[in-house]
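[1] test case, fold it:
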Amino acid sequence: MSIKDLHNSLDSDKDGDVDKREFTENMGQFKIPTIRPTDLGYLFDSLDINDRARLNLVEFSLFIKGAELSKKEKIT
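    So this is what the prediction gives:
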């Protein structure tokens, strides 16, 4: 699944952005054991770079790419 596909899967109303409700509700489907629903709200706030209360594809991509880099650093 591409980053764009993942972003689109979180975008319930298909307006091109992921709002906080969409993010917290839809990220829950991944059942990440160490993240509580309240943590997802804080995570969303930290990812919302331009403070529009929505994550566009660029903001979301930075999040995913950062997670990928972090994972690679742990492996090496």
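[2] next one: stretch 53-71 to chain centre, how far?
    Here stretch 53-71 is found 6 Å from its chain centre; the criterion is C-alpha atoms, centre = their mean, to the nearest Å.
[3] buried residues in that stretch?
    Neighbour counts over stretch 53-71 (16 or more other C-beta atoms under 10 Å) mark 54, 55, 59, 60, 61, 63 as buried. In this view, the C-beta of every residue, glycine as well, is placed from N, C-alpha and C.
[4] now, which of those residues lie within strands?
    54, 55 (DSSP state E).
[5] so which two of the buried residues of stretch 53-71 are the farthest from each other?
    Farthest-apart pair in these is 54 and 61; separation 14.3 Å (C-beta to C-beta).
[6] centroid residue for this structure?
    Centroid check for the chain by C-alpha atoms, centre = their mean gives residue 60 as the closest residue, at 5.4 Å.
[7] how about that residue, what does it touch?
    3, 6, 7, 10, 18, 47 (C-beta atoms under 8 Å, 6 or more residues apart in numbering).
[8] could you redo the last one with a cut-off of 6 Å?
    residue 7 (C-beta atoms under 6 Å, 6 or more residues apart in numbering).
[9] now the helices: where do they sit in this structure?
    3-10, 20-27, 37-47, 57-75 (DSSP state H).
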